[in-house]
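1. Could you look at this predicted model? Sequence included:
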Amino acid sequence: MAVKDFGRVADIYDATRSIPEPEMALLVDAIKRRIPGSGPIIDVGVGTGRFAAPLQRAGLEVVGIDLSRGMVAKAVEKGVKGLVYADVHLIPFRDSSFHTALLVHILHLASDWTQVVRESARVARNSVMTVIETGKGTSLRREYRELRRELGAPRERFEDEWRLAKRVKPRSVTLVAETKRRLVADEEIAHLRDRGQSFTWDVPERLHQTIIKRLVSRYGGKTYSFRRTYELVVWSAPQLRRAALNL
C-alpha cells in the first residue's frame with residue numbers, strides 16, 4: 001500500500017495550503033484543551049509539520065510519521081522533532097501508544113483509507129482528531145475538479161476526513177475559526193497549471209491544458225472572495241476501532 005508522495009510539491013506546500021496564523025493559533029488551542037498534560041499525539045501524515053510545529057511550540061509531545069522524505073525535510077527545517085519515516089497504513093507503534101492521533105488531509109491520498117483510520121485508532125487510546133476546512137464562494141480548485149469530470153476524466157474513488165465524519169458520528173464537532181480572503185485568480189491558475197494539487201497529477205497533459213484555458217477564460221485577471229471555516233472533529237478511538245468503515 002502507498003500514499004501519494006508530496007515530495008514533488010514540498011517547496012510550495014505551505015504557501016499553497018497554509019492556515020493563517022490567527023486561525024492556526026485557535027486550532028492549536030482547541031486541540032490542546034482536549035489533550036491532558038503534554039499528550040502524546042501522533043500526527044499521521046505529518047508532511048511539512050504544518051500542525052506538528054505549532055503543537056510542539058505549544059508544549060505538546062508530538063510524533064510525526066510520513067513516507068515523503070521531501071516533506072519531512074521541510075518539517076526538519078522548521079525544527080520539528082520526533083519525526084519517523086513510516087507508511088501510514090502500517091504505523092510502527094504499539095496499540096494505545098498515544099493519547100490522540102491527528103489525521104489532517106491524508107485519507108484522500110491513501111490507497112486504503114480505511115486501513116489508515118484503523119491504524120490511527122489502534123495506536124490512540126483516547127481519540128482521533130481532524131481539522132475539516134470548508135469553503136463558500138468561488139473556488140478554482142473545485143472548478144478544476146468539476147471540469148475534469150465533465151470532460152471525461154473523473155477522479156478515482158475519493159474519501160477524506162469530511163466523509164469519515166459522515167460515515168461515523170464524531171464525539172464532537174467544534175467550529176473553531178472562520179476567515180474571509182480575497183484571492184487573485186491568476187495566482188491560483190498558475191498553481192493549478194504547475195500541478196500543485198494532487199488532483200491534477202493523473203490528468204493527461206492535453207486535457208489539463210484544456211481545463212487551464214477554460215479557467216483563464218472565466219477568471220483571468222480577476223480577484224474573488226472565499227470564506228473558509230475550520231472545525232475540530234473528534235472521534236473516540238475505541239469507536240473507530242469498532243466502526244464498519246467499509247459500508
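-> Happy to help now that I have it.
2. Would you mind finding the longest helix in this structure?
-> Across the chain, the longest stretch assigned as helix under DSSP state H is helix 205-219.
3. Who are the packing partners of it?
-> Contacts defined by 3 or more Cβ pairs under 8 Å, 6 or more residues apart in numbering; DSSP states H and E place helix 205-219 against helix 140-150, helix 185-193. C-beta coordinates here come from the backbone N, C-alpha and C atoms, glycine included.
4. surely Glu61 meets Asp43?
-> No. Contact status for Glu61 versus Asp43: not in contact, 11.0 Å apart, counting by Cβ atoms under 8 Å.
5. of these two, who's got more company?
-> Asp43 (29 against 17; other Cβ atoms under 10 Å).
6. okay, the residue lying farthest from the centre of the chain: pLDDT?
-> Relative to the centre of the chain, and counting by Cα atoms, centre = their mean, the farthest-placed residue is Ser217 at 29.8 Å. For Ser217, the model assigns a pLDDT of 96.
7. What distance do you get for it to Thr210?
-> 11 Å (Cβ to Cβ, to the nearest Å).
8. again with Asn126
-> From Asn126 over to Thr210 (counting by Cβ to Cβ), the distance is 48 Å.
9. Likewise for Gly196?
-> Distance from Gly196 to Thr210, by Cβ to Cβ: 18 Å.
10. Pick out whichever of those two has more residues nearby.
-> Using other Cβ under 10 Å, the more surrounded residue of Gly196 and Thr210 is Gly196, with 19 against 15.
11. Provide a list of residues in contact with the residue nearest the centre of the chain.
-> By Cα atoms, centre = their mean, the chain has its centre lying nearest to His105, at 1.6 Å. His105 sits next to 17, 45, 47, 160-161 when contact means Cβ atoms under 8 Å, 6 or more residues apart in numbering.
12. Please identify which helix or strand holds it.
-> Assigned by DSSP states H and E, His105 belongs to no helix or strand.
13. The chain: strands as residue ranges?
-> Along the chain, counting by DSSP state E, strands occupy 41-44, 62-66, 83-85, 98-103, 124-137, 172-184, 223-236.
14. Dump the ones you listed to a markdown table, plus mean pLDDT and distance to Leu192.
-> A markdown table is the format used below for these (pLDDT from 0 to 100; distance: least, Cβ to Cβ, whole Å):
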| stretch | mean pLDDT | distance to Leu192 |
| --- | --- | --- |
| strand 41-44 | 98 | 27 |
| strand 62-66 | 97 | 24 |
| strand 83-85 | 95 | 30 |
| strand 98-103 | 98 | 25 |
| strand 124-137 | 92 | 16 |
| strand 172-184 | 91 | 12 |
| strand 223-236 | 92 | 14 |
